[in-house]
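Peer 1: When you get a sec, could you give me coordinates for this:
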Amino acid sequence: MVKYDLMARTVLEPLSTFDISAHSRTSIRSIAVSSGHDSPTLIYIGTYSGSLLLLATNSVSASNRAATPDDRDDDSKRKISFMRSVSVGDSPVETVLVLGEMGKLLVLCDGSLFLTDSLLDQQLKKLSLVKGVSAIAKRIISDESCSSDILSILATTTNSESSSASLRILQKLGGGVRANGVKTRDSTQQVEGNCNVFAVAVGKKIVLVELVFGSDSRTVKHEGGASGLNGSFVMLKEIQSSVEGVKTIAWLNDSIIFGTMMGYSLFSCVTGQSEVIFSLPDSSRSPLLKVLWKEKKVLLLVDNVGVVVNDHGQPVDGSLVFRGHPQSVGELSSYVVIVRDGKLELYHKKSGSCVQTVVYGGEGVGPCLIAGEEGGDSKLITIATSTKVICYHKVPYEEQIKDLLRKKNFKEAMALVEELKCEGELRNDMLSFVHAQVGFLLLFDLHFKEAVDHFLQSETMQPSELFPFILRDPNRWSLLVPRNRYWGLHPPPAPLEDVVDDGLTAIQRAVFLKKAGVDTVVDENFLLNPPNRAEVLELAIKSIIRYLEISRVKELPLLVREGVDTLLMYLYRALNNVDDMEALASSENNCIVEELETLLDESGHLRTLAFLYASKGMSSKALSIWRILDRNYSSGLWKDPAEDNDVQSSATNILSGRETAATEASKILEESSDQVLVLQHLGWISDVNPILAVQVLTSEKRADQLSPDEVIAAIGPKKVEILQRYLQWLIEDQDSMDTNIHTLYALSLAKSATETIELESSFQDSDDGRIEVTRFANSERSTIFQSPVRERLQIFLQSSDLYDPDEVLVLIEGSELWLEKAILYRKLGQESLVLQILALKLEDSEAAEHYCAEIGRPDAYMQLLDMYLDPQNGKEPMFNAAVRLLHNHGESLDPLQVLEALSADMPLQLASDTILRMLRARVHHHHQGKIVHNLSRAVYVDARLARWEERSRNLQISDESLCDSCHARLGTKLFAMYPDDTVVCYKCYRRQGESTSVSGRDFKQDILFKPGWLVIH
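Peer 2: Residues are numbered from 1 along each chain as shown. Sure thing, here's the model as predicted:
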């Protein structure tokens, strides 16, 4: 960026000049300024000859001053006119104190104070309370909460002190009025307000007085007079000081700060204590202090250093170091203004830097004075030389900012903006306005990154303001662009290419001018290293992209959001940021397809266009593009990114171009309920990746599922696994109960299993049979299904009852699928065929025995034994299987039938062992049955005996027998006895119940057993 010149600020500009030579023969001694909102500014000039001159200047609105240079140079709008002049005395007018809220003036001349009106229409009135006055100051209150009621304090102090015997006598006699007509304040008088109290320096004393008017003063008739100046002083307190010659004085809150040639001191009106703030060196100049109205603090000058103190005399906010010894000090908003040696210097209060220097006279101009409006909001500064009055007006902050921006001092301009913001002089909308203006200036200066930083800090700038930099007018969004040129400091919007070209041209021009010795405002870095057009244009596009990306998350009108997303795609395409283009197109966006489809098609970004179509619900167009891409990949027109990898890296999860096209197309079809569209593109997707085709058919994302009949018809005969997986999904996931679907699935699996068996047989017959079988098995496992087809067929045949077994049997009748045949025969109830297959074909004895157990009849085992012993068809008897059957289930067989069925060819050892085991089992079973029968009979007899014994128990009742519950004599009464041998009368029995005895035992819940009742086996 450019080097910033701290002296570039223009805070003050000349307003008007007035020469008092025609109205006064002597030079100026004092000056004061007073202005109102709707009244002209009044300038009071006190001369060495004792005259008081009144000048007036009309106010100029900021809009007139900032309109054009011609308006600013119009002297008629800044004319200072002489109003009138009055003579105060023969001595110089030392001080003019404006009492703006009362429309009065206090004038200090020849040690006396005079009162007059603000327009000098009335005759001056001399206030005779004090004489020999060297300085006067009005009390300034910074905050009512932190300042005391000075009148009450001083009144109390006056009553408690005995200042003099004569004062007490005069107070008793005159009620506060002295013999010479000057009053002291009555302690019992209630006075409203503290605004008209003053501190007056008289010799070694400081007198605190109050200026009262009308009914608030105990005036005598001659003091009011016909003039209407009925004000008078009331003495509040006299302060004796050890020093003499007060040169300057200020009264802030409850503290009076005054300066002498010895130094600065402070007096507290509350405590009555006086202390020295600091002393001045012998070589120091005359003391000078200035009340800073805005901060309510006091600036104390020591040579060329200004020390800021608070109302307690403590230094705050640091010090101001001036470039020379100030002759006079003024205040202008956030600045301290000094005059010295014919120069006006403006210093910032916080930073202490000199912001502006204005030369208004030569070295020999003599002593000068400066004055401004009181209150801290002064916009007019008046400088008085010996014979001239020069007025300077504060330039509105908009004009200051504009001036800095014209000089390319962007950093200084933003510092001023932040300063105004902190001081509450700048609204948020104006802050955003300036950020946007600075951003546009930086953009045209080719500082695109900084420009976007300012754009993002502007809360009022709309993204549509950058649309003309991306797309030439006219376009769809031309009417959305605000016709706001801000302050007109930058050229109108133009495409970025034109902006870059103009900026580079300006840089080349500046290089030539610099060689010729002409200074320019072009960035020094650009002059030393001229940028490359391509690099600058790329940086510009990236910066605008950053702004639009951040703007996307904001709440914007629909048309603006459409413009942001569409033009963002333009910029991505300009940089060929394919990833960003596809990310934007595939996400939720507001792009206008009509604006982009031709651009993307011609530039070859078909993937992005397909994503964009899909995001807008234009599925047919998107699928057509993916189909085209698939063909191009397969034909080699498009280079597959996977082809760039070697054999080892191909094992990673990088999808080929065709797979990517099929994957994206399948994502669209998974959500589409358009059956025609789905079936139209199902074929080429299944050719690329069958798994994707299955995902399309079995998707749960679509609102309406596809018609199974149409899908089955559309699946080609070569897509067997896709058909099987779809049928499996219908049956298992959709719980289809359609017998046709179940039968079709079973037939398809059976056919595939048959072909697999045949293929395996052909491989085994070849010389490399083992290797070919392994390869086939591996290829089968790499398909859609993880399990072999025979396993799936067997599981389905066992689990489903809705297919037609006969049709499946017809299909596999001549194959080697014996287990599948057994399952089908089992479904048909042909038990003997099932046993023949299990026992003889598969030789699975365990399965055959398990099937016999399912049948549950003993003859099934006998039938299985017959098959083992007589397999027929020339097959040898299966003696081991028969022995196993007899061993496991021999007890269920009739030994006679077994002996009849045993073959004569069976080895004797096997037969004898088997028969012996059967006979022993039979005998053991018979004996075990008899034992159980006899034990059961013994238990029965014992139970009957115990019951008889219980029933045969006798109980003897005598005259002495008592009821165990109520203890009444039983005698001949009815009674009852419980199992625990307790006896109760019939009345208590009815009350207790038949199951609960007197002891509280419930025999239904807690059953009683006696030793004789138990039978031990």
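Peer 1: so where is the stretch 1-150 of the chain shaky, pLDDT-wise?
Peer 2: 1-8, 37-38, 59-78, 144-150 (pLDDT under 70).
Peer 1: where do the strands sit along it?
Peer 2: Using DSSP state E, counting those that start in this stretch, the strands of the stretch 1-150 of the chain run over 12-19, 28-34, 41-47, 51-57, 80-87, 93-99, 104-109, 112-117, 125-127, 133-140.
Peer 1: Out of the ones you listed, flag the one nearest Ala250.
Peer 2: strand 133-140 (5.0 Å; CB to CB). All C-beta atoms are positioned from the backbone trio N, CA, C, and that covers glycine.
Peer 1: Which elements pack onto that closest one?
Peer 2: strand 93-99, strand 104-109, strand 112-117, strand 197-202, strand 248-252 (3 or more CB pairs under 8 Å, 6 or more residues apart in numbering; DSSP states H and E).
Peer 1: Quick one: residues in contact with it.
Peer 2: Among residues not part of strand 133-140, those counted as contacts by CB atoms under 8 Å, 6 or more residues apart in numbering are 95, 97, 99, 106, 108, 111-113, 150, 194-195, 197-203, 245-253, 256, 258, 291, 293, 296.
Peer 1: rerun that using 7 Å as the cut-off
Peer 2: With CB atoms under 7 Å, 6 or more residues apart in numbering as the test, strand 133-140 has contacts from 95, 97, 106, 108, 111-113, 150, 194, 197-202, 245-252, 291, 296.
Peer 1: what sits against Gly46?
Peer 2: Counted by CB under 7 Å, 6+ apart, Gly46 has contacts 29-30, 52, 93, 96.
Peer 1: Mind putting the helices and strands packed on strand 133-140 into CSV with distance to Ser707 and mean neighbour count?
Peer 2: Listed next are those as CSV, based on distance: least, CB to CB, whole Å; neighbours: other CB atoms under 10 Å:
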stretch, distance to Ser707, mean neighbour count
strand 93-99, 98, 21
strand 104-109, 102, 24
strand 112-117, 104, 21
strand 197-202, 101, 24
strand 248-252, 94, 23
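Peer 1: Distance to Lys930 added to those, as TSV?
Peer 2: What follows is the helices and strands packed on strand 133-140, written out as TSV (distance: least, CB to CB, whole Å):
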stretch	distance to Lys930
strand 93-99	141
strand 104-109	144
strand 112-117	148
strand 197-202	136
strand 248-252	129
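Peer 1: Pull the contacting residues for Ala201.
Peer 2: So Ala201 contacts 133-135, 246, 249, 258 (CB under 7 Å, 6+ apart).
Peer 1: pLDDT weak spots in the stretch 651-800 of the chain?
Peer 2: If you take pLDDT under 70 as the line, the stretch 651-800 of the chain has these spans: 651-655, 763-783.
Peer 1: Wait, Pro482 touches Glu465, no?
Peer 2: Yes: using CB atoms under 7 Å, Pro482 is in contact with Glu465, at 6.0 Å.
Peer 1: Compare those two and say which is more crowded by neighbours.
Peer 2: Glu465 (19 against 11; other CB atoms under 10 Å).
Peer 1: Just the endpoints, please. Distance across stretch 267-285?
Peer 2: End-to-end distance of stretch 267-285 (CA to CA, to the nearest Å): 23 Å.
Peer 1: now that stretch: mean pLDDT?
Peer 2: Across stretch 267-285, pLDDT averages out at 87.
Peer 1: Same question for stretch 801-810.
Peer 2: Per-residue scores along stretch 801-810 average to 94.
Peer 1: For that stretch, buried residues please.
Peer 2: By neighbour count on 16 or more other CB atoms under 10 Å, the buried set for stretch 801-810 is 803-805, 808-809.
Peer 1: Distance from that stretch to the middle of the chain?
Peer 2: On the basis of CA atoms, centre = their mean, to the nearest Å, stretch 801-810 sits 65 Å off its chain's mean C-alpha point.
Peer 1: Name the residues that touch it?
Peer 2: Residues outside stretch 801-810 that contact it (CB under 7 Å, 6+ apart) are 737, 739, 742-743, 746-747, 750, 821, 824, 827-828.
Peer 1: try it again with 6 Å
Peer 2: 739, 742-743, 746, 750, 824, 827-828 (CB atoms under 6 Å, 6 or more residues apart in numbering).
Peer 1: Convert it to CSV, retaining C-alpha atoms only.
Peer 2: Taking C-alpha atoms only, stretch 801-810 is exported to CSV below (Å, rounded to 0.1, in the frame of the first residue of the first chain):
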residue,chain,number,x,y,z
ASP,A,801,-44.1,-73.2,1.1
LEU,A,802,-45.5,-71.0,-1.7
TYR,A,803,-43.6,-72.3,-4.7
ASP,A,804,-44.7,-75.3,-6.9
PRO,A,805,-42.4,-78.2,-6.0
ASP,A,806,-43.5,-80.2,-9.1
GLU,A,807,-42.2,-77.5,-11.5
VAL,A,808,-38.9,-77.4,-9.7
LEU,A,809,-38.6,-81.2,-9.8
VAL,A,810,-39.3,-81.3,-13.5
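Peer 1: wait, what's in contact with Glu535?
Peer 2: Applying CB under 6 Å, 6+ apart, we find Glu535 in contact with no residue.
Peer 1: Please, which helix or strand holds it?
Peer 2: In the assignment (DSSP states H and E), Glu535 maps to helix 533-551.
Peer 1: centre of the chain versus that helix, how much separation?
Peer 2: For helix 533-551, the distance to the chain centre is 24 Å (CA atoms, centre = their mean).
Peer 1: Also stretch 928-935?
Peer 2: Worked out by CA atoms, centre = their mean, stretch 928-935 lies 88 Å from the chain centre.
Peer 1: Equivalent analysis for stretch 583-602, please.
Peer 2: For stretch 583-602, the distance to the chain centre is 28 Å (CA atoms, centre = their mean).
Peer 1: what's the answer for stretch 966-986, then?
Peer 2: Worked out by CA atoms, centre = their mean, stretch 966-986 lies 90 Å from the chain centre.
Peer 1: per-residue confidence averaged over it?
Peer 2: Rounded mean pLDDT across stretch 966-986 is 86.
Peer 1: List the contacts of it.
Peer 2: 955, 957, 961, 963-965, 988-989, 997-998, 1008.
Peer 1: which regions of the stretch 301-450 of the chain sit below the pLDDT cut-off?
Peer 2: In the stretch 301-450 of the chain, residues with pLDDT under 70: 363-364, 376.
Peer 1: the helices in it, which residues?
Peer 2: Listed in chain order, the helices of the stretch 301-450 of the chain (DSSP state H, counting those that start in this stretch) span 397-406, 410-422, 428-444, 448-457.
Peer 1: Which other helices and strands does the helix or strand following the last one contact?
Peer 2: Using DSSP H and E, the helix or strand that follows helix 448-457 towards the C-terminus is helix 467-470. Helices and strands touching helix 467-470, by 3 or more CB pairs under 6 Å, 6 or more residues apart in numbering; DSSP states H and E, are helix 558-575.
Peer 1: about what we covered before: export the helices of the stretch 301-450 of the chain to JSON lines and append columns for mean neighbour count and distance to Ser762.
Peer 2: Listed next are the helices of the stretch 301-450 of the chain as JSON lines, based on neighbours: other CB atoms under 10 Å; distance: least, CB to CB, whole Å:
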{"stretch": "helix 397-406", "mean neighbour count": "20", "distance to Ser762": "89"}
{"stretch": "helix 410-422", "mean neighbour count": "18", "distance to Ser762": "85"}
{"stretch": "helix 428-444", "mean neighbour count": "21", "distance to Ser762": "77"}
{"stretch": "helix 448-457", "mean neighbour count": "20", "distance to Ser762": "72"}
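Peer 1: Among those helices, which comes closest to Asp704?
Peer 2: Comparing the helices of the stretch 301-450 of the chain under CB to CB, the one sitting nearest is helix 448-457, at 46.7 Å.
Peer 1: between the closest one and helix 428-444, how many degrees?
Peer 2: Between the axes of helix 448-457 and helix 428-444, defined by axes from the mean of the first three to the mean of the last three CA atoms, to 10 degrees, the angle is 160 degrees.
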